[in-house]
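S.K.: need the 3D shape of this:
(2 chains)
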Amino acid sequence: MPTPVTQEQRNIQKTGKNDPIPVQVLLILLTFAFFASFVFMPLALVFSQALGKGWQLYIDSIREPFAIAALKLTLLTAAIVVPLNAVFGVAAAWAVSKFSFRGKTLLVSLLDLPFAVSPVIAGLIFVLLLGSRTPFGSWLGEHGIRIIFSTPGIVIATLFVTFPFVARELIPLMESQGREEEEAAVTLGAKGWQMFRIVTLPNIRWGLLYGMILCMARSIGEFGAVSVVSGHIRGMTNTVPLHVEILYSEYNYTASFAVASILVFLAIFTIVAKALLEHQIQQRQPAQADLT
Amino acid sequence: MSIDIRNITKRFPGYTALAGISLKVGTGELVALLGPSGCGKTTLLRIIAGLETADAGSIILEDRDTTNLPAREKKVGFVFQHYALFRRLNVFENVAFGLNVLPRSSRPRKKEIRERVLHLLGLVQMEWSIDRYPSQLSGGQRQRVALARALAVNPKVLLLDEPFSALDAKVRLELRRWLRKLHDEIHVTSIFVTHDQEEALELADRIVVINKGRIEQQGTPQEVYDHPANTFVYNFLGNVNVFHGRIRDGKVMVGGHHIEAQEKLNGHEEKTGQAFIRPHEIGVSRIRSSDNDMPGIIRDIRLMGSQIGLELESAGFEHPIEVEIPRETWSNLGLDRGDEVFITLDKVKVFTGDYEI
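M.R.: Predicted coordinates for the structure are as follows:
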């Protein structure tokens, strides 16, 4: 039987009787002060700047064709990158956690590479690899395929930068779950796909969703890598973060902050989704059996 | 469905798990693979199930070579040490899993699946739990559901990997008896792996003792317990007193005493050897009844349920001698700490040759 945690127990856990009151107050105040100065104030500034010259200009800046094109490109990129990285992430996590093979440790370390490498360098790698002056890039060019300074380049760079989120989320989860359930499914006659769909996927779905949300947040906000491969062609290869930067460097502050506020909204949306999901995960954690 | 295991070999980096094991299991038999942890018994079970591949050798299930079949085509039921129930599926869905994944053409109708699942849950006395999730069940209940799940697909062979070792002592005992009863009802050819000699002795039709990837001995529980083939089996199955000594002219000399061994000891030349005797095979009395009897002093008395354990000190013996006598004998003799008694070691079994000291 699950043992529900009573409100009283929760209160006891939260009071933290061991710390003296002044310490508690100080820590809470510090947290708030930090939050206010480094998170809330800048965000408020974005909106005050964006709305500084009235609602009309704000709405015009957002509805401007280049801004809309940038938003479309950003959402398109996220829509391609998130599902692809979900598939890659599950595959990588599966390989690492359910099989043993040579070079596994190396693979796990390499998974973190996109986090370790500066995004600008990540972008440069792809320019050097696929740019029109490289053999492969020129061959592609001859066949009418353009990657760098075009949407595919942006997608590839974003894929690279956001690859680790799903895999990182799933590897510890799948390792802790072991492979016995999969083995049981196989001995019961399940085919690979049936095993994945009925057994594995339900076991990892919350972790997978969580990783995908993080992946989406990053792919929407990615600047460095995309900046290198995009070429900044307005209405063509400009994503929202790039568009904000261009407007800003043209001293068009109001429009810049107005577009930036879109990113803020997307970020808030992501955070809310993440919080809801965390709440779900807590609710669904397997009840502790007290009969064992 | 008989199982014929032929010369199975399996090496892992650094050690050999199975060094050419051959074993036959008859239809409807319940066989225990018994051995210390790391002896290769679980690896053998996983190879039969297709969860592991052998380096050499073959597995024949009822005249069909299944060595290279993938696990899902072997039609073998497998019960895991830690149950391995699907945590996101409820008990009903767990048991129905093997039927639901059948190809549409051979899948029973929904109603039949339901009937079969309920029948199996009745068999394992868990029909009340169909809507529960595994986390809401105790260990013993989970293992019973796991068994029902394995039986749902009508496996030709049932393999159980230390099925009771994760349970506490009382539940383990209960489930062990219950499994024996169940096996007598459904008669599916079964192999179970255990490191618990008591479990093997109580449950199995036949015990296969494995050590370091080799079979040391196989036989009925009675044979294996009463006539261990070698020192390993003797040591592994139950408590035993071991004496090191010399053998000459059919007698064992231990600590200055001559013990007349039951069996004939060939040859007249002097050899070193080991003599084994189980604590309950030693006779205890207050008076010396034959020349073979040896004196000893009771140093410790332990209550062991129906038996009484005595620890005796005897001149010439390095280690104390462990003796077990029935409670009744103990109270009749009125034994106490420090008393002198005489013990009979007639039933001693002697091993020579390879086991030189």
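S.K.: contact residues of the stretch 1-150 of chain B facing chain A?
M.R.: Residues of the stretch 1-150 of chain B found near chain A (CB under 8 Å from any CB of the partner chain) are B:49-51, B:70-78, B:80, B:82, B:84-89, B:97-98, B:100-102, B:133, B:135-139, B:141, B:146, B:149-150. Backbone N, C-alpha and C define where each C-beta goes, glycine included.
S.K.: could you list which of the residues you listed belong to strands?
M.R.: For those, the ones inside strands are B:76-78, with DSSP state E as the criterion.
S.K.: that older thread, buried ones only from the residues of the stretch 1-150 of chain B next to chain A, please, as a ChimeraX command.
M.R.: Buried residues among those (16 or more other CB atoms under 10 Å in any protein chain shown), as a ChimeraX selection:
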select /B:49,50,51,71,72,74,75,76,77,78,80,84,85,86,87,88,89,97,98,100,101,102,133,135,136,137,139,141,146,149,150
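S.K.: of the residues of the stretch 1-150 of chain B next to chain A, which belong to helices?
M.R.: Judged by DSSP state H, helices contain the following of those: B:49, B:97-98, B:100, B:139, B:141, B:146, B:149-150.
S.K.: among those, which one sits closest to residue A:176?
M.R.: Taking CB to CB as the measure, residue A:176 lies nearest residue B:139 of those, at 18.9 Å.
S.K.: correct me, but the closest one touches residue B:165?
M.R.: No - counting by CB atoms under 8 Å, residue B:139 does not reach residue B:165; the two are 10.4 Å apart.
S.K.: quick one: which of the ones in helices among the residues of the stretch 1-150 of chain B next to chain A is nearest chain A?
M.R.: For those, the minimum distance to chain A (CB to the nearest CB) is 3.7 Å, reached by residue B:98.
S.K.: from residue B:149, how far off is the closest one?
M.R.: Between residue B:98 and residue B:149 the computed distance is 7 Å (CB to CB, to the nearest Å).
S.K.: cool, and residue A:85?
M.R.: From residue A:85 to residue B:149 the distance is 35 Å (CB to CB).
S.K.: with residue A:110 instead?
M.R.: Noted for residue A:110: a distance of 39 Å to residue B:149, by CB to CB.
S.K.: now do residue A:86
M.R.: For residue A:86 relative to residue B:149 (CB to CB), the value is 30 Å.
S.K.: and residue B:123, by the same measure?
M.R.: Distance from residue B:123 to residue B:149, by CB to CB: 12 Å.
S.K.: so where's the chain shaky on pLDDT?
M.R.: Reading this off chain A. Where chain A drops to pLDDT under 70, the residues are A:1-18, A:284-292.
S.K.: my question was about chain B, not that one.
M.R.: Using pLDDT under 70, chain B drops low at B:249-250, B:261-269, B:353-357.
S.K.: list the contacts of the spatially most central residue of chain A.
M.R.: With distances taken as CA atoms, centre = their mean, residue A:215 lies nearest the centre of chain A, 2.2 Å away. Listed by CB atoms under 8 Å, 6 or more residues apart in numbering or on different chains, the contact partners of residue A:215 are A:81-82, A:85-86, A:89, A:162, A:165-166.
S.K.: do that again at 10 Å, thanks
M.R.: A:78, A:81-86, A:89, A:158-159, A:161-167, A:169 (CB atoms under 10 Å, 6 or more residues apart in numbering or on different chains).
S.K.: my guess is residue B:184 meets residue B:30, correct?
M.R.: Yes - between residue B:184 and residue B:30 there is a contact at 8.9 Å, judged by CB atoms under 10 Å.
S.K.: the more surrounded of these two?
M.R.: residue B:30 (21 against 10; other CB atoms under 10 Å in any protein chain shown).
S.K.: which strand residues bridge the more buried one?
M.R.: Beta bridges link residue B:30 to residue B:190 when assigned by DSSP bridges.
S.K.: that one and residue B:203: what is the separation?
M.R.: 7 Å.
S.K.: find residues that contact each of those two.
M.R.: Contacts common to residue B:30 and residue B:203, judged by CB under 10 Å, 6+ apart, are B:160, B:179-180, B:183, B:190, B:192.
S.K.: biggest separation within the ones in helices among the residues of the stretch 1-150 of chain B next to chain A, which pair?
M.R.: B:100 and B:139 (25.6 Å).
S.K.: can you give me the helices in the stretch 151-292 of chain A?
M.R.: Taking DSSP state H, counting those that start in this stretch, the helices of the stretch 151-292 of chain A run over residues A:151-162, A:164-177, A:180-187, A:192-195, A:201-221, A:224-230, A:240-249, A:253-284.
S.K.: in the chain, where's the longest helix?
M.R.: Picked chain A for this. Max-length helix for chain A by DSSP H is helix A:65-98.
S.K.: please refer instead to chain B.
M.R.: Max-length helix for chain B by DSSP H is helix B:169-186.
S.K.: now for that helix, which elements pack on it?
M.R.: Packed against helix B:169-186 by the contact rule (3 or more CB pairs under 10 Å, 6 or more residues apart in numbering or on different chains; DSSP states H and E) you find strand B:30-34, helix B:110-123, helix B:139-151, strand B:157-161, strand B:189-194, helix B:197-203.
S.K.: TSV for these, including distance to residue A:192?
M.R.: Formatted as TSV, those follow (distance: least, CB to CB, whole Å):
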stretch	distance to residue A:192
strand B:30-34	30
helix B:110-123	22
helix B:139-151	19
strand B:157-161	22
strand B:189-194	27
helix B:197-203	35
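S.K.: those: which one's closest to residue B:66?
M.R.: strand B:157-161 (9.8 Å).
S.K.: what lines up beside the closest one in the sheet?
M.R.: strand B:76-79 (parallel), strand B:189-194 (parallel).
S.K.: of the ones you listed, flag the one that's most buried.
M.R.: strand B:76-79 (a mean of 27; mean count of other CB atoms under 10 Å in any protein chain shown).
S.K.: from one end of stretch B:315-329 to the other, what's the distance?
M.R.: This stretch, stretch B:315-329, spans 24 Å end to end (CA to CA, to the nearest Å).
S.K.: just the buried residues of that stretch, please?
M.R.: B:317, B:320-325.
S.K.: for chain A, state which of those residues is nearest.
M.R.: For those, the nearest to chain A is residue B:324 (33.7 Å; CB to the nearest CB).
S.K.: in this structure that closest one contacts residue B:308, no?
M.R.: Yes - applying CB under 10 Å, one finds residue B:324 in contact with residue B:308, separated by 7.0 Å.
S.K.: and for these two, which residues touch both?
M.R.: B:284, B:302, B:330.
S.K.: OK, contacts around residue B:53?
M.R.: So residue B:53 contacts B:10, B:46-47, B:67-68 (CB under 10 Å, 6+ apart).
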